[in-house]
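1. what shape does this take:
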Amino acid sequence: MATVREDNIPHVVRTAADQRQKDMFSATIGRIEQVNSTIRLLRLYLNNDQPALRHLPGQYVDLHIPEIERVGGFTITSPPQTAMRLPAPTPSSTTPPSAATFDDPYLELAIQKSAENPPAAYAWQNPEAIMNAPVRFRVGGNFTHPPMELSLQEFRSMDNVVLIAGGVGINPIMSMVSAMDLQGAKRMGGLPTRLRVLYTSKRGTDSDGKPEEVLFEERLKAIAAKRAQKKDDVDFRYTLFNTSKNATHDSEEKGVPENMQLFRRRITHDDLMEALGPEERRRNTLVYVCGLPAMTDDYVELLRKAPGMEEKRVLCEKWW
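-> This next block holds a predicted model:
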């Protein structure tokens with residue numbers, strides 16, 4: 001899989017069998033956000049003098065950086081909607097220009113600190129050294145929503161979706177959740193009738209020993225709060241499983257939406273079965289799992305053998 005870290009097998013070798021788009025796109029590094037001591041977010045603004053970019057939630061980029069021979073593999077964490085170039089308002093438009101936002105199209109990447117990975121090391125330079133720097137990329141990947149394994153008719157019947165992430169396996173899952181939320185309920189590629197997000201991660205500490213932010217925890221909490229207020233017949237629940245020992249109970253419980261749960265333990269098999277829902281409705285259930293190989297292998301084996309499930313509706317991508 002392509003994500004924020006690679007071992008000694010190059011990304012392009014590991015993912016050689018994946019589908020890739022033919023077009024190469026140009027972009028500029030336009031925003032850098034430090035999430036914690038090991039993860040930063042890069043926003044790549046797309047150059048205007050090229051075709052519109054179309055990609056699916058869950059895909060990655062082959063990132064080409066000038067003067068760096070090794071191609072980086074980084075999962076796209078933003079939804080496809082942010083890469084779309086919105087039309088400028090016309091004089092005849094009934095919407096005042098001041099009432100609409102026309103942001104420049106962009107992709108977001110989450111990059112883990114790694115001195116051994118040249119593309120990641122480049123992204124972890126002093127922000128002033130890489131701000132406005134040019135890069136090129138090609139989109140690829142088979143771990144997508146909608147899934148390539150299902151026909152359009154089959155996908156339309158999927159009204160129960162379960163998303164399971166471990167550590168930085170949250171990257172493609174974040175893109176999927178964001179895309180569904182922006183698309184809205186009862187629309188193709190949008191929110192299903194029932195959606196479960198299970199995310200397990202350790203909370204790191206900074207140089208002073210204080211707990212740091214878990215990647216995308218606040219973004220997911222905000223979506224949960226939004227869905228709790230919508231009351232649009234979407235049964236959405238987000239659960240964070242914190243496997244570290246340094247989190248304080250009070251600070252984590254403050255402001256938690258009613259459709260969010262917090263546990264200080266690992267995801268269990270019982271959690272997975274509960275997320276699937278009743279057996280009688282599992283024929284319309286779609287599951288995505290992304291994380292370290294040991295985790296994904298265990299979860300996928302259980303979920304594919306669960307009564308009412310089948311292999312093609314339990315999709316997996318491994319973070320190496």
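
2. end to end, how far does stretch 105-120 reach?
-> End-to-end span of stretch 105-120 (C-alpha to C-alpha, to the nearest Å): 23 Å.

3. enumerate the positions of it that are buried.
-> Across stretch 105-120, burial judged by 16 or more other C-beta atoms under 10 Å covers 105-114, 117-120. All C-beta spots, glycine's among them, are computed from the backbone N, C-alpha and C.

4. now swap in stretch 237-247 and tell me
-> Those would be 237-243, 247, for stretch 237-247 by 16+ other C-beta under 10 Å.

5. now do stretch 255-267
-> So for stretch 255-267, counting by 16+ other C-beta under 10 Å, buried means 257, 259-260, 262, 267.

6. the residue lying closest to Glu149 once chain neighbours are set aside: neighbour count?
-> Leaving aside its chain neighbours, Glu149 sits nearest to Lys312 (4.5 Å; criterion: C-beta to C-beta, 6 or more residues apart in numbering). Residues lying near Lys312 (other C-beta atoms under 10 Å) number 13.

7. re earlier: quick check, nearest of the buried residues of stretch 255-267 to Arg156?
-> The shortest approach to Arg156 among these belongs to Asn259, at 25.0 Å (C-beta to C-beta).

8. ok, Val314 to Ala275 distance?
-> 12 Å (C-beta to C-beta, to the nearest Å).

9. and for Gly169?
-> The gap separating Gly169 from Ala275 is 16 Å, by C-beta to C-beta.

10. for Ala133, same thing?
-> 41 Å.

11. give me the more crowded residue out of those two.
-> More crowded of Ala133 and Ala275, by other C-beta under 10 Å: Ala275, with 22 against 15.

12. and what about that one, helix, strand or coil?
-> With DSSP: H, G, I helix; E, B strand; the rest coil as the basis, Ala275 sits in helix.

13. got it, and Arg138?
-> strand.

14. and it, what does it touch?
-> Applying C-beta atoms under 8 Å, 6 or more residues apart in numbering to Arg138 gives the contacts 20-21, 23-25, 61-62, 64.

15. Leu303 too?
-> 272, 276, 287, 289, 309, 314.

16. that one in helix, strand or coil?
-> Assignment for Leu303 (three-state DSSP): helix.

17. wait, Arg264 sits on Arg203?
-> No: taking C-beta atoms under 8 Å as the definition, Arg264 is not a contact partner of Arg203, at 9.9 Å.

18. follow-up on the earlier one: tell me the most packed of the contacts of Arg138, by neighbour count.
-> Val61 (27 neighbours).

19. so which of the buried residues of stretch 255-267 comes closest to Phe137?
-> Of the buried residues of stretch 255-267, the one sitting nearest to Phe137 (C-beta to C-beta) turns out to be Ile267, at 32.5 Å.

20. for the closest one, give me the pLDDT.
-> We have a pLDDT of 97 for Ile267.

21. same check, this time on Tyr60
-> 97.

22. tell me, how many residues neighbour it?
-> For Tyr60, using other C-beta under 10 Å, the count is 31.

23. got phi/psi on it?
-> phi -130, psi 180 (degrees, to the nearest 10).

24. again with Val289
-> Dihedral angles (degrees, to the nearest 10) for Val289: phi -130, psi 130.

25. for Gln59, same thing?
-> Taking degrees, to the nearest 10 as the convention, Gln59 sits at phi -80, psi 170.

26. please apply the same query to Val71.
-> Taking degrees, to the nearest 10 as the convention, Val71 sits at phi -90, psi 130.

27. distance of it relative to Ala83?
-> Counting by C-beta to C-beta - Val71 and Ala83 are separated by 20 Å.
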